[in-house]
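In: From the sequence below, what's the structure:
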Amino acid sequence: MMSTATPGAPLDQILSFVERAIKGDRRLLVQLFHTFQRLTHLPEAPPEERQLGEILSQILMGDRHPDLTGLPSDMVEEIQAFLNRLA
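Out: Below you'll find the predicted structure:
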């Protein structure tokens, strides 16, 4: 599906890593942030993956209301449910 933390990792698995990082795993937070930032600037990555990398970077930095416009609806629903759990 997408190649960020783990090549082909499903979004729910990536979000579980993000949650672990937010809840105090600083080393993981830094690693994920750098990975998502690389993805954001990877020209060969599909646009929705680059956008997802940017959104996940924002979430790691504390943004709980990122702009999800342009992502596929299934991703939007999954990320919104994740953000609701964090609230």
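In: Show me where the chain has its helices.
Out: Under the criterion DSSP state H, helices of the chain are mapped to 11-22, 26-40, 47-60, 73-86.
In: got a markdown table for these, with mean neighbour count, distance to Pro66 and mean pLDDT too?
Out: Just so you know, the C-beta spots here come from the backbone N, C-alpha and C atoms, and that holds for glycine as well. Converted to a markdown table, those look like this (neighbours: other CB atoms under 10 Å; distance: least, CB to CB, whole Å; pLDDT from 0 to 100):
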| stretch | mean neighbour count | distance to Pro66 | mean pLDDT |
| --- | --- | --- | --- |
| helix 11-22 | 17 | 12 | 97 |
| helix 26-40 | 16 | 12 | 97 |
| helix 47-60 | 19 | 5 | 96 |
| helix 73-86 | 13 | 8 | 96 |
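In: got a markdown table for those, with distance to Asp67 too?
Out: Below are the helices of the chain laid out as a markdown table (distance: least, CB to CB, whole Å):
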| stretch | distance to Asp67 |
| --- | --- |
| helix 11-22 | 17 |
| helix 26-40 | 14 |
| helix 47-60 | 8 |
| helix 73-86 | 11 |
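In: any idea how far the most centrally placed residue in the chain lies from Met75?
Out: For the chain, Leu56 is the residue whose C-alpha lies nearest the centre (CA atoms, centre = their mean; 2.9 Å). According to CB to CB, to the nearest Å, Leu56 and Met75 sit 11 Å apart.
In: do Pro46 as well
Out: The span separating Pro46 from Met75 equals 12 Å under the rule CB to CB.
In: Then Leu83?
Out: 12 Å.
In: try Pro66
Out: 12 Å.
In: Kindly report the same for His34.
Out: His34 is 22 Å from Met75, by CB to CB.
In: now do Thr35
Out: 17 Å.
In: Please apply the same query to Ser57.
Out: Taken as CB to CB, the span from Ser57 to Met75 is 15 Å.
In: do Arg50 as well
Out: 13 Å.
In: Could I get the contacting residues of Ala87?
Out: Arg64 (CB atoms under 8 Å, 6 or more residues apart in numbering).
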